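Participant: The following block contains a protein sequence and its predicted model.
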Amino acid sequence: MSLNDLRFTRLDVISGQRKMLFALLLMFDSLIGLSYDAGLVVWSGLFNGDLVWMLQSFEMMSGGLLAIHLVLGSMRQRWGWVGIVVSLMLLIVLILGTLELLLSGLGRSALVNYNLSAVGLSGMYWTAAYLSVAAGLTLTYKVQRFGN
């Protein structure tokens, strides 16, 4: 048995399907917990108060991040940058979904106003500012012969 086989034996114990099942189980348990005040965290009786919903939110985020990681790992070989864009969108959906479940489970609501034009213009302004700084530094280093 080679050293490389010994290094990866532990990683091969749990297959990708079992990891995905574990991620979905975590997300389902936290869904039950955040929506109906049930689940493993509540049933254990070890935690009470605000710590319960914090742990359930952490459980939802952990399960979601594991699922995104598994999906991205399988897409990276075939699709490349599409997997990265999809994972970013899934991460945003996961965060907003967790917040929605948390607030609806607590009997509260929130309204989020997102001004897309202000964010876009601000992003373009700061992009131009940083690019001009980068160009200035590049020219300075070229003149002083620090760069190649």
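Facilitator: Cool, got the structure.
Participant: Only C-alpha atoms from now on, for both contacts and neighbour counts.
Facilitator: Will do.
Participant: tally of neighbours for Gly120?
Facilitator: When counting by other C-alpha atoms under 10 Å, one arrives at 10 neighbours for Gly120.
Participant: which SS state does it fall under?
Facilitator: For Gly120, the assignment made with DSSP: H, G, I helix; E, B strand; the rest coil gives helix.
Participant: where's Phe28, which helix or strand?
Facilitator: helix 16-36 (DSSP states H and E).
Participant: Toward the C-terminus from that helix, list the very next helix or strand.
Facilitator: For helix 16-36, the following helix or strand on the C-terminal side (DSSP H and E) is helix 40-44.
Participant: tell me the mean pLDDT for that following helix?
Facilitator: Mean pLDDT, computed over helix 40-44, is 87.
Participant: do the same with stretch 54-65
Facilitator: In the prediction, stretch 54-65 has an average pLDDT of 92.
Participant: With stretch 27-35 instead?
Facilitator: 91.
Participant: got the contact list for it?
Facilitator: The contact list for stretch 27-35, computed with C-alpha atoms under 8 Å, 6 or more residues apart in numbering, reads 38-42, 53, 56-57, 59-61, 63-64, 101-102, 104-106.
Participant: repeat that for 7 Å
Facilitator: Outside stretch 27-35, the residues that touch it by C-alpha atoms under 7 Å, 6 or more residues apart in numbering are 38-40, 53, 56-57, 59-60, 63-64, 101-102, 104-105.
Participant: on that earlier part again, give me the buried positions along the helix holding Phe28.
Facilitator: 20, 23-24, 26-35 (16 or more other C-alpha atoms under 10 Å).
Participant: Check Trp81 and give its pLDDT.
Facilitator: 76.
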